[in-house]
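Asks: For reference, the sequence and a predicted model appear below.
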Amino acid sequence: MTVIRTLDKDKMDVAEGSYAVAHAVKVCRPNVISAYPITPQTHIVEDLSQFMADGKIPNCEYITVESEFSALSALVGSAAAGARCYSATTSQGLELMHEVLFNVSGMRLPIVMTIANRAVSAPINIWNDQQDSISQRDTGWIQMYAEDLQEISDMTAQAYKVAEDKDVMMPAMTCMDGFILSHVYEPVVLLEQDLVDEYLPAYEPEYSLDPKNPLTFGAFADPTVYTEFRYLQQQAMDNALPKIEEAANEFYEIFGRYYGGLIDEYETEDADIILMAMGSLVGTIRDVVDKLRAKGVKVGLLKVRTFRPFPAEAIKNVIKDAKVVVALDKNISLGLNEGSLFTETKASLYNTKVDVPIVGRMIGHGGRDIPEKTIEDIVEEAKGIISSGINTESKYADLKEELL
Amino acid sequence: MSIQLGGVCQPGTTRVNKTGGWRTFRPVFDYDKCIKCKLCELLCPDMAVLPMDDGFFEFDYDYCKGCGICANECPTEAIDMVLEEK
Amino acid sequence: MKSLFTSGHRGCAGCCDAMVAKFTLMAAGEDCIIISPTGCLEVMSTPYPETSWEVPWVHSLFENAGAVASGVEAALKAMGNKGDTKVIALAGDGATLDIGMRSISGAFERGHDITYVCIDNEAYMNTGVQRSGATPFDASTTTSPAGKVSYGNPRPKKNMPAIMAAHGSPYIATTSLGYPRDMIKKIKKATEIEGPTYIHAHAPCTTGWGFDTSKTVEVAKLAVQTGLWPLYEMENGEVTKVRKIGKQKKPVEDYLKMQKRFKHLFKMEGGEEQLKLIQALADKNIEDFGLE
């Protein structure tokens, strides 16, 4: 099923990306919100605090914490006490939370955080790339990437639904490209309260901190049991794969909007060249695909919406008949010279019968603009790979040689 | 024992671990000297001093680690620390 | 009355942490939620699948007890479940005033209705007795050992009660295992006062300080009687009550000589000068708090 957008102008408001997310969080009925400012996520927590000040979020406490570390730590306590929790962060803040991310996942607390993706220091840079969330891919958090404002707004409800599912119980990050989505104004249908109440049940965890039923959370696990805890977390991630699809389908049934489940494909059926990407870049690529298709170029787009759990099977099924695949990454694993979407896609294909050449092109780091021409050039290069094979497996597509 | 979600534990379950085996010395009451001040019960770090109906106390040797705090603090020296016989 | 902290935990014989935990729960009762950071207490009481706690208890990380407690309190308030449930953080000195400084500062500045009990055994005990911000002057620890050119820890204790008072806490008290009924009374009072209250509990550690397992309470009493550990209460920033030492006053040597961690002061050249410095610290407390 391809993307289905609501074109009902009567239901739409022109809103900033951050506002749309804050509104979405509000209607998901959170009990505890923790907030610490960091560009470019700050508008989200500011909008939430205004909602709080106007009494628009019942049964909710808003904590202005003293650091991002405490932002997530406070939610550990809240979630353990049975509350639905929310926070938002990016870049340096997400990195500061690194220890807590593992802790939350290991304790199986279904906290949802919005990440307004931003480049990491040093050098310090407040503009968009996806290094921050990609670097946390081992922490045991579900990761989903949105292509536009409507999607990130809708994704918020879907994230809670998947995270709180009894067979999952894992925390989730919903990722939106900083500034590109967070600070842009678009017409959106703000998440509807009555429909969310239908879609998202109340959070009722099996275990919580309750003096009437005293339990211990966070015991230590020695070598005789630790492995099994980790295995169960992986199992939960495996369970999340179909749940993410279900959550997206059910969302469509109730709200009439669909953005893909684990992935989304555009013009890939007969494509020779397939471009893979996550986040707002997908929107640019859709336009380039349309433009090139009009000229007869058989190019298609594979949008990877869920990065964790990694949808290897879904990706394989889309790209198996292509002649070349280019994975675009707004991140780099230094020392490997590859972006992680590329590395993980390539690795997941290695032992299969799929024999499609795949290359990685790193792009847009530190907020570098990605005009359509950059994508068109990449497609041109890909044509060359079909005829003469891979020249360079992985490199920056937008490096400025003149600065070196 | 299958793993509970997130490693949650049921209350009071360390009682399966009988720490009495740690002892070198065991406390013994001289009830003639005991004035039932309850200090030993209050202080025991292992909750191994249990009240009896008559107001005196008895030691829970399943858990007593033989630290000797009760003997050291007893105001009437009503507790002796005696070497454990094997 | 059944203790809410049960037997079978792996604390050392004579463990100070176990005693503070026991007394805290005697003060709090069943209707409480305990938050502990990583440390001796956490490790010895919760080896999966066993736990010594008969009340709800949560452990997250080493440095975030204050933040986690804030979150628990906020959740209870938000969901309308607060009632009389006491939210109590029970944490070691390192976890509180070193690595946990950020968390506790934020929690108190925001004014959450919690009680924070710091179990001060004056070093990072669980990792093998390393120096913390609470390690007293001239104490020997594994990262501030006495040696040919060192008398041990060169710095005085961080004055945590004063720091928490500066945060506007309505009630702060110092307590000691040497005076358990006093400790229970103060903790109970702290949990009954609304807002962030702070209890600093002096907890002599038989393994870390080097004294016989039976002497935990005795050593604690001596710390108080020398003036090195003043017992006082502060309400809204003012010292309102102190426990006077009077005729029970002892010289600091009586306290120090019982512990291996100060043994070097009685043997090394220049040790006498150091003892005088420590006596001066004690005398200053006696003067500042009016403990005469």
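Replies: Here it is on my side, so go on.

Asks: who in the stretch 51-200 of chain C is up against chain A?
Replies: C:51, C:53-61, C:63-64, C:66-81, C:85, C:102-103, C:105-106, C:109-110 (C-beta under 8 Å from any C-beta of the partner chain). Every residue, glycine included, has its C-beta placed from N, CA and C.

Asks: Return the subset of those residues lying in helices.
Replies: Those of those mapping onto helices are C:66-78, C:102-103, C:105-106, C:109, per DSSP state H.

Asks: List only buried entries from those residues.
Replies: Buried by 16 or more other C-beta atoms under 10 Å in any protein chain shown: C:66-78, C:102-103, C:105-106, out of these.

Asks: so which of the residues you listed also contact chain B?
Replies: Within these, nothing lies near chain B by C-beta under 8 Å from any C-beta.

Asks: in the chain, which spans are helices?
Replies: As the question left the chain open, I've gone with chain A. Using DSSP H, helices in chain A cover A:17-27, A:42-53, A:68-80, A:91-96, A:98-106, A:131-134, A:149-163, A:193-199, A:226-255, A:281-294, A:312-319, A:340-350, A:372-388.

Asks: looking at chain C here, not the other one
Replies: Under DSSP H, chain C gives helices at C:16-28, C:40-45, C:65-78, C:93, C:101-109, C:160-166, C:180-192, C:216-226, C:252-256, C:271-289.

Asks: Double-check C:Thr96 against C:Arg102; I have them as touching.
Replies: No: C:Thr96 is beyond contact range of C:Arg102, at 11.0 Å (criterion: C-beta atoms under 8 Å).

Asks: how close does the residue positioned nearest the centre of chain B sit to chain A?
Replies: Of all residues in chain B, the one closest to the mean position by C-alpha atoms, centre = their mean is B:Ala48, 2.0 Å from it. Distance, B:Ala48 to chain A, by C-beta to the nearest C-beta, to the nearest Å: 21 Å.

Asks: what's the distance between that residue and B:Pro27?
Replies: Distance check for B:Ala48 against B:Pro27: by C-beta to C-beta, to the nearest Å, it reads 9 Å.

Asks: How about A:Phe342?
Replies: 68 Å.

Asks: quick revisit: are there residues contacting both of B:Ala48 and B:Pro27? Which ones?
Replies: B:Phe59, B:Cys64 (C-beta atoms under 8 Å, 6 or more residues apart in numbering or on different chains).

Asks: With adjacent residues omitted, what lies nearest to C:Gly237?
Replies: C:Ala165 (5.1 Å; C-beta to C-beta, 6 or more residues apart in numbering or on different chains).

Asks: Can you tell me the number of residues neighbouring that neighbour?
Replies: 21 (other C-beta atoms under 10 Å in any protein chain shown).

Asks: wait, what's in contact with it?
Replies: C:Ile172, C:Met234, C:Gly237.

Asks: so A:Met12 sits right up against A:Glu192, yeah?
Replies: No: applying C-beta under 8 Å as the test, A:Met12 and A:Glu192 come out as separate, 11.8 Å apart.

Asks: Below-threshold pLDDT in chain B: ranges please.
Replies: Counting by pLDDT under 70, chain B has low-confidence residues at B:1, B:86.

Asks: where do the strands sit along it?
Replies: B:25-29, B:49-51, B:57-59, B:79-83 (DSSP state E).

Asks: Which among those is found nearest to B:Thr13?
Replies: strand B:49-51 (19.3 Å; C-beta to C-beta).

Asks: Pull out the buried residues from that closest one.
Replies: Quick answer for strand B:49-51 (16+ other C-beta under 10 Å): B:Val49.

Asks: Return the list of helices and strands in contact with that strand.
Replies: helix B:39-43, strand B:57-59 (3 or more C-beta pairs under 8 Å, 6 or more residues apart in numbering or on different chains; DSSP states H and E).

Asks: Does the longest one reach chain C?
Replies: Yes: Helix B:39-43 reaches chain C (C-beta under 8 Å from any C-beta) through B:Leu42, B:Leu43.

Asks: Contacts for that helix, please.
Replies: By C-beta under 8 Å, 6+ apart, helix B:39-43 touches B:49-51, B:57, B:69-70, B:73-75, B:79, C:19, C:180-181, C:217.

Asks: Tabulate the residues you listed in JSON lines, adding columns for distance to C:Ile114.
Replies: Below are those laid out as JSON lines (distance: C-beta to C-beta, whole Å):
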{"residue": "B:Val49", "distance to C:Ile114": "31"}
{"residue": "B:Leu50", "distance to C:Ile114": "33"}
{"residue": "B:Pro51", "distance to C:Ile114": "33"}
{"residue": "B:Phe57", "distance to C:Ile114": "35"}
{"residue": "B:Ile69", "distance to C:Ile114": "30"}
{"residue": "B:Cys70", "distance to C:Ile114": "33"}
{"residue": "B:Glu73", "distance to C:Ile114": "32"}
{"residue": "B:Cys74", "distance to C:Ile114": "36"}
{"residue": "B:Pro75", "distance to C:Ile114": "36"}
{"residue": "B:Ile79", "distance to C:Ile114": "38"}
{"residue": "C:Met19", "distance to C:Ile114": "22"}
{"residue": "C:Pro180", "distance to C:Ile114": "23"}
{"residue": "C:Arg181", "distance to C:Ile114": "24"}
{"residue": "C:Val217", "distance to C:Ile114": "28"}
